[in-house]
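Colleague: Based on what follows, work out the 3D shape:
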Amino acid sequence: MKCTQTEVIDYNKKNGYDFEKYIVGKFNRKFFKIKEWSGDKYVAGSYAETTTHPDILFEFMLGNKRENFSVECKWRSRHYNDGIEFSTPEQLKRYKKYELDKKVKVFIDLGIGGMGKSPENIFMIPLEKIDSHFISIKKLKQFEKKKAV
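Modeller: From the prediction side, this is the model:
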């Protein structure tokens, strides 16, 4: 019996992972080291504790100075209702708990539009500035980053 395999590609998941790679590529390896990069692997509701942590833990290095921070990468194809729902309320609570418990600053890096590997707009938001899982476009504007060509 001949078997064939077909891989179904989840468009949002692929763009989400591509956006993570895009963000990692923006950090100069001379000054930033990846300490952890969590994966979203799970089976029948079983997953590693780190799956609920922000995506990437970086170490910033300059001379003798060392400081860790985490980045949660989120890519969305577009905004709606004049804003972006970047997480669920439960995810936001987990990120805030992680920041408090680990004493590590967390940033939400948000890509909107285009593709994950080349978003139209990029925002880097300190978690401490976020009070809801939905952020208005007006509030996002203050965190917009210029895309390098």
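
Colleague: contacting residues around residue 134?
Modeller: Residues counted as contacts of residue 134 (C-beta atoms under 8 Å, 6 or more residues apart in numbering) are 81, 83-86. (Glycine included, C-beta is placed from N, CA and C.)

Colleague: Go ahead and name everything in contact with the longest strand anywhere in the chain.
Modeller: Secondary structure assigned by DSSP state E gives strand 65-76 as the longest strand of the chain. Taking C-beta under 8 Å, 6+ apart as the criterion, the residues outside strand 65-76 that touch it are 12, 15-16, 18-20, 23, 35, 53-60, 84, 86-87, 95, 98-99, 102, 104-112, 116, 119, 127.

Colleague: pLDDT score assigned to residue 24?
Modeller: The predicted local confidence for residue 24 comes out at a pLDDT of 97.

Colleague: Please apply the same query to residue 133.
Modeller: According to the model, residue 133 scores 96 on pLDDT.

Colleague: Let the chain start at 45 from now.
Modeller: All right, first residue 45 from here; so that's residue 177.

Colleague: gap between it and residue 162?
Modeller: Applying C-beta to C-beta, to the nearest Å, one obtains 25 Å for the distance of residue 177 from residue 162.
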